[in-house]
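Trainee: got a structure for you, letters missing:
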Ligand code: HEM
């Protein structure tokens, strides 16, 4: 359900940063984090902010925010 | 069989037909127009929704709400529709369905005008799985249930179940059509089925 957003990094999975760090970045931005999962080569973080639903896509390589979808 | 006797066959505006003409298969109105429109709208909506998630999120959601609305209509039509749209026989047919399916192995399919027991089982299975699929889908975009794992899982499993059931449904309709030498798909378009002289 990610509007097809799947490509964040070419880095090998073994060298990815942990998903918990992506969640922490979303929390720092003020999102209430519901969960995260791997979507393609991205961490997809489910966040709620001010009653709105978001899917945030982080690169597991450098934890940069690649894409945000407002549901 | 008893059902057939109660039903007046369609005279097709020809009260003075010759005996030869009378042996020509006659037809009877089975599926009312709202039920037919409902069926094909549901089929189009469900199949389109199956191919749209992740790619066209917005469209997928609109289709989901549409299917939910269609399900609500079917519940109403189960009580307000014409004879073969009503749920009156669902309980009886459901109880008969295990035995009916068992007898099918020998090609015994009986003669029903509306849904036979296997068709009734499919109706209920589809309505239930579609209800679970659409309701959990709608839930997954509410603040309360967004990102809740069991809602997502339930949505995925029930949607997969819907598609498996649809494949079985179409196969069943085709097989039953061959077994009974009747084009059931055309009947779901015209609303009419044959009524054979010897029955
Ligand atoms: C997503 C796809 C579909 C769904 C959800 C669906 C659902 C249903 C349901 C619930 C019924 C029972 C009618 C009632 O409410 O009493 C039904 C009947 C029927 N469907 Fe479908 N259907 C689908 C696709 C199709 C397709 C593709 C075909 C034809 C190729 C088809 C042919 C029929 C026929 C012929 C009947 C009547 C069966 C009989 O004469 O006993 N359906 N369908």
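Mentor: All right, it came through fine. Keep in mind it's a predicted model, so treat the numbers as computed, not measured. Residues are numbered from 1 along each chain as shown, chains lettered A, B, ... in the order given.
Trainee: do stretch A:18-27 and chain B meet?
Mentor: No. Interface with chain B: stretch A:18-27 contributes nothing (C-beta under 8 Å from any C-beta of the partner chain), its closest point being 11.3 Å away. For the C-beta atoms, the positions are set from N, CA and C on the backbone; glycine is no exception.
Trainee: What residues of that stretch count as buried?
Mentor: If you call a residue buried by 16 or more other C-beta atoms under 10 Å in any protein chain shown, then stretch A:18-27 has these buried ones: A:19, A:22-23, A:25-26.
Trainee: same deal with stretch B:85-93?
Mentor: B:85, B:87, B:89-90, B:93.
Trainee: From the residues you listed, which land in helices?
Mentor: Within these, residues falling in helices by DSSP state H are B:90, B:93.
Trainee: Could I get the buried residues of stretch B:85-93 in a markdown table, plus columns for distance to the ligand?
Mentor: Listed next are these as a markdown table, based on distance: C-beta to the nearest ligand atom, whole Å:
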| residue | distance to the ligand |
| --- | --- |
| B:85 | 6 |
| B:87 | 9 |
| B:89 | 10 |
| B:90 | 9 |
| B:93 | 11 |
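Trainee: which one of the buried residues of stretch B:85-93 is nearest residue B:183?
Mentor: Ranking the buried residues of stretch B:85-93 by separation from residue B:183, with C-beta to C-beta as the measure, puts residue B:85 on top at 20.2 Å.
Trainee: Run through the residues that contact the closest one.
Mentor: Residue B:85 makes contact with B:31-32, B:34-35, B:77-78 under the criterion C-beta atoms under 8 Å, 6 or more residues apart in numbering or on different chains.
Trainee: Scan chain B for its longest helix.
Mentor: Using DSSP H to define each element, chain B has its longest helix at helix B:149-179.
Trainee: Name the residues that touch the following helix or strand past that one?
Mentor: Next helix or strand after helix B:149-179 toward the C-terminus (DSSP states H and E): helix B:184-190. Counting by C-beta under 8 Å, 6+ apart, helix B:184-190 makes contact with B:30-31, B:36, B:39-40, B:173-174, B:176-177, B:193, all of which sit outside it.
Trainee: And stretch A:9-18, end to end?
Mentor: Stretch A:9-18 stretches 14 Å from its first residue to its last (C-alpha to C-alpha, to the nearest Å).
Trainee: Name the surrounding residues that touch that stretch.
Mentor: The set of residues external to stretch A:9-18 that reach it, using C-beta under 8 Å, 6+ apart, is A:41-42, A:59-63.
Trainee: Okay then, goodbye and thanks.
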